[in-house]
Structures are given as structure tokens and as C-alpha cells.
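Enquirer: structure of the sequence below:
(one chain, ligands or ions: 2)
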Amino acid sequence: MSKKKKGKLRADFRKNHQSRARNNDLTRRFTGDSDAAGDEAGRERVSGKGGLTRKKTIAGGEVVEDASGTMVLPEIDRDQCVQGRVLRVQGLVSTVLTDEGRTRACATRQLLKQLSTELRHVVAAGDNVWVRPEGEQEGIIERVEPRHGVLSRTSRGRRHLIVVNVDQVLIVVSAAQPRLKPNLIDRYLVTCEQAGLSPIVCITKTDLVDRADLMPITGVYDQMGYDVRLISVVDGQGIEPLKESLAGKETVLTGQSGVGKSTLLNAIDPALSLRVQTVSTETDKGRHTTTTAELYPTGDGGYLVDTPGIRQFQLWDVIPEEVAGLFRDIRPFVSKCRYADCTHTHEEFCAVKDAVADGWIDARRYESYVQIQAGDDV
Ligand SMILES: Nc1nc2c(ncn2[C@@H]2O[C@H](COP(=O)(O)OP(=O)(O)OP(=O)(O)O)[C@@H](O)[C@H]2O)c(=O)[nH]1
Ligand SMILES: [Zn+2]
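Expert: Ligands and ions are numbered 1, 2, ... in the order given. Next comes the predicted model:
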């Protein structure tokens, strides 16, 4: 690839990166050196929520860039296939819920693996796939559709897809027992902003506190446009509206131990709660790695994603320079700082610090920013 083209790609990447931070848009990462990313002319929109992708035709298919990186879409004989959703991936076997209404244990087509050597996960939990059925219970994944809403983590320089095609994240924190930790909410929100996912903040156990005391905290999030709910399974506060918000959506559940996630699931759907518990217990025994995600159909077209690994939620990497852009309230001031590389901590002529002093930015939110930016634990 020419130097000029590479420079342009880098500029494109940066532009995308910034606009992603600004718009809370879907992640569009480009692997700068791949051939697909270099094919300027072939850029077009691919169906679904995946957004803008770059596209190039190869023998037997095409190469696209989606929210997960480079992927290959081979041509397939659709008459021979059924569509489905990958519920989980264990080693080489993917469990797919197909449109026939059954699950199939599926291997992945050899061609798909060969063409996707740079991708660690050819198939990920949450993928929309085309399967060629084999017998009653098995099949071969012939094609994986472009992805949106990607949760990933990087380890030893490689990006691992944890779950894809996610719509929203249910952030569960408790008003008491354990005590409310707003800084933890901020941390979760940063991750959601980074992944381009809509958060729903659920403050549980509100029956244990004076609800009026929560208003100063919820008000700050309301003002930024975040969806904050007060929940109690003891008196039923907020349960019905929450059920409605989950219907037909794919939701990732997250929150510290003891905040009431299982209890909340049970209040939403006892049958679903039971299924989640059964599998989580198996997972705890170390049968498969803790970061393996599992999708549970909610019966209304939606899915819930709940795994011990995701519950811990310390999986996504945010680089320090990225943090300010992921704080909705800090973001508008960043460009007004004197120094382009301002960290908004110790510098003079910092518009962010001025905004805190003038009351435009909540001082507690700013403290969170400083902690997260420094990589400190909550
Ligand atoms: N007062 C009150 N207690 C609740 C509420 N929701 C949950 N609890 C209690 O909080 C405790 C922890 O609830 P769990 O549902 O087990 O919490 P969890 O988040 O699933 O915990 P892990 O499984 O460790 O991740 C239990 O004793 C629940 O009875 C609530 O709305 N009000
Ligand atoms: Zn600054």
C-alpha cells in the first residue's frame, strides 16, 4: 500500500474514532493494513445496523469491514441453508438457534476459516449466520453476517469478541447493600459509550433507602440523557416498565456481586432466571472460560446475555486519551483546552477544569473521570 494511502487511512481512522466518541455511534474500527480497508472505491453501505463498511469483491465472495473488523462474506446457496443466531461458542462448536425453532451444534465451513485468518473469532456468540443443516441436530456455518454492537476485549494484542449484535446494556447497581457507587456507574457508562451500546442504569433495592436521597445522583445522569431506573423487587417499583424495555432487544446484564441481578431476572421472568442459573453454575465449575458469553432467548424475540465474565465487566480496554471523549458531559469542553494533548488533570488553561469550577460539569463526575483516566480501581 502506498504511503499516501496509508496516511489517508490513518486520517480516516482518526476521523471515525473521533466521530464515534462524539456521536455515541457504532464502533467502526479499521485494520489499517488490510486490503479491504484500502479499497476506497468499493465503499458502500451494507444492510443492517452495521453502518458504513468498506467492501471488496474476491473470488467466491466479498470482504467487508464491520463493527468487529475485517470479515469475509462468501457466496452461498441460500436454498440449501437456514438462518440462525449463535447462542454460544465452545471451542470449534457453535450452538445455533435456527429459524426452524431448534438448536443445532455447528462446525464452521473451512473456506470461512481460511479466508479469515487474521480474525481470531470467525464465529462469535450473537452472530447471525447461515447454516447448512446436517441431519436433525447438526450443521455447518456457511456464512456470518456483518456485525454491530460488539463487546470485545484485547489480550496480547489480539481482539477477542465476547458477544456481538448487542443492543443495550443493563447496568445494575444497588442503592444500598452494597452501597451505591456512582463512580462505578461512570465506568460502566464509559464502556457502553466506547462500544456504541445504549445503557439502562438500574438502581436496585430502592426500598432500603429514602428515594429522595437518590435524586441528586439520578438527576446528573438524566440531564446527560441517560436512562436511569429506580427498581425494587420488594415493592415492585420499576419492574413492569423494565420488562417492556427488554422486549425484543438483545440486552447484556452487568453489575457487581450482590446488587440483585439474579433477583431482578427472576422478577422479570422466572423461567429465564432458572435457565441462566443452571448454565452459570456449570460455567463456574470451569467447564469453559469465564468470558464465554451465552445468549438466552427471552421468548419475545429478545435475548439476554449473562455470563460471569461479563458480570465482572472489567474486560474492555479504554486508553487514557480516549476517556474524556467518552464522558458525555466532559466531551463538549475538550476542544476548548489550550493544549491539544490536555489530560484535564494538572494543566493550566484547561476548559474542562474551568467548566467544573463554574458548575457546568458535576464535580463528582469529574472525579470519576480523573480516576478512570489514571486507570485506578473504583
Ligand atoms: N431489600 C431488597 N433486597 C433485594 C432486592 N433485590 C435483591 N435483594 C437482595 O439482595 C441480595 C443479593 O441479590 P442477588 O440477586 O443474589 O444478587 P446478584 O447481583 O445476582 O449477585 P451475584 O449472583 O453474586 O452476581 C439477596 O439477598 C436479595 O434478596 C430489592 O429490590 N430489595
Ligand atoms: Zn483540558
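Enquirer: CA only for contacts and neighbour counts going forward, please
Expert: OK.
Enquirer: show me what from the stretch 201-350 of the chain comes close to ligand 2.
Expert: Counting by C-alpha under 5 Å from the ion, the stretch 201-350 of the chain comes close to ligand 2 at 337, 342, 344, 350.
Enquirer: and the strands in the stretch 51-200 of the chain?
Expert: Counting by DSSP state E, counting those that start in this stretch, the stretch 51-200 of the chain has strands at residues 52-58, 61-66, 69-74, 82-90, 93-98, 103-108, 128-134, 138-144, 151-155, 158-163, 168-174, 198-204.
Enquirer: now do the buried residues in the second one.
Expert: In terms of neighbour count (16 or more other C-alpha atoms under 10 Å), strand 61-66 has its buried residues at 63, 64, 65, 66.
Enquirer: now for it, which elements pack on it?
Expert: The contact analysis (3 or more C-alpha pairs under 8 Å, 6 or more residues apart in numbering; DSSP states H and E) places strand 61-66 against helix 35-38, strand 52-58, strand 69-74.
Enquirer: if we use 10 Å, what do you get?
Expert: Here strand 61-66 touches helix 35-38, strand 43-45, strand 52-58, strand 69-74, going by 3 or more C-alpha pairs under 10 Å, 6 or more residues apart in numbering; DSSP states H and E.
Enquirer: how far off centre is stretch 172-189?
Expert: In terms of C-alpha atoms, centre = their mean, to the nearest Å, the centre of stretch 172-189 is set 19 Å apart from its chain centre.
Enquirer: same thing with stretch 203-211?
Expert: 28 Å.
Enquirer: mean confidence (pLDDT) on it, please.
Expert: Averaged across stretch 203-211, pLDDT comes to 97.
Enquirer: and for stretch 61-70?
Expert: pLDDT averaged over stretch 61-70 gives 82.
Enquirer: give me the distance between the two termini of it.
Expert: End-to-end distance for stretch 61-70: 13 Å, by C-alpha to C-alpha, to the nearest Å.
Enquirer: where are the low-confidence patches of the stretch 151-300 of the chain?
Expert: Applying pLDDT under 70 to the stretch 151-300 of the chain flags residues 154-158, 275-292.
Enquirer: one more pass at 50, please.
Expert: Along the stretch 151-300 of the chain, the parts satisfying pLDDT under 50 run over 285-290.
Enquirer: right, and ligand 1 sits closest to which residue of the stretch 1-150 of the chain?
Expert: Using C-alpha to the nearest ligand atom, the single residue of the stretch 1-150 of the chain nearest to ligand 1 is residue 88, 20.4 Å away.
Enquirer: tell me which residue is most central in this structure.
Expert: Centrality entry for the chain: nearest residue to the mean C-alpha point is residue 151, 3.6 Å, by C-alpha atoms, centre = their mean.
Enquirer: residues of the protein that sit close to ligand 1?
Expert: For the chain, the residues in contact with ligand 1 (C-alpha under 6 Å from any ligand atom) are 204-205, 207-208, 232-234, 256-263.
Enquirer: which of those count as buried?
Expert: With neighbours counted by 16+ other C-alpha under 10 Å, the residues of the chain next to ligand 1 contain buried members at 204, 205, 207, 232, 233, 256, 259, 260, 261, 262.
Enquirer: most widely separated two among those?
Expert: Greatest spatial distance among those (C-alpha to C-alpha): 207 and 256, at 18.9 Å.
Enquirer: so residue 362 is in contact with residue 328, correct?
Expert: No: here residue 362 does not reach residue 328: they are 11.6 Å apart, not a contact under C-alpha atoms under 10 Å.
Enquirer: go back to the buried residues of strand 61-66 and keep what's next to ligand 2.
Expert: The subset of these within reach of ligand 2, by C-alpha under 5 Å from the ion, is empty.
Enquirer: closest to residue 244 among those residues?
Expert: Residue 244 has its nearest neighbour among these in residue 66, at 29.5 Å by C-alpha to C-alpha.
Enquirer: hmm, that closest one is touching residue 164, no?
Expert: No: applying C-alpha under 10 Å, one finds residue 66 not in contact with residue 164, separated by 11.1 Å.
Enquirer: please enumerate the shared neighbours of those two.
Expert: By the contact definition C-alpha atoms under 10 Å, 6 or more residues apart in numbering, residue 66 and residue 164 are jointly contacted by 146, 147, 148, 150.
Enquirer: neighbour count for the residues you listed - can I get that in a markdown table?
Expert: Output for the shared contacts of residue 66 and residue 164, formatted as a markdown table (neighbours: other C-alpha atoms under 10 Å):
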| residue | neighbour count |
| --- | --- |
| 146 | 27 |
| 147 | 23 |
| 148 | 24 |
| 150 | 26 |
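Enquirer: on that earlier part again, quick one: which of residue 362 and residue 328 has more around it?
Expert: Taking neighbours as other C-alpha atoms under 10 Å, residue 362 and residue 328 compare with residue 328 leading, 19 against 16.
Enquirer: find the nearest non-adjacent residue to residue 349, please.
Expert: Leaving aside its chain neighbours, residue 349 sits nearest to residue 338 (5.5 Å; criterion: C-alpha to C-alpha, 6 or more residues apart in numbering).
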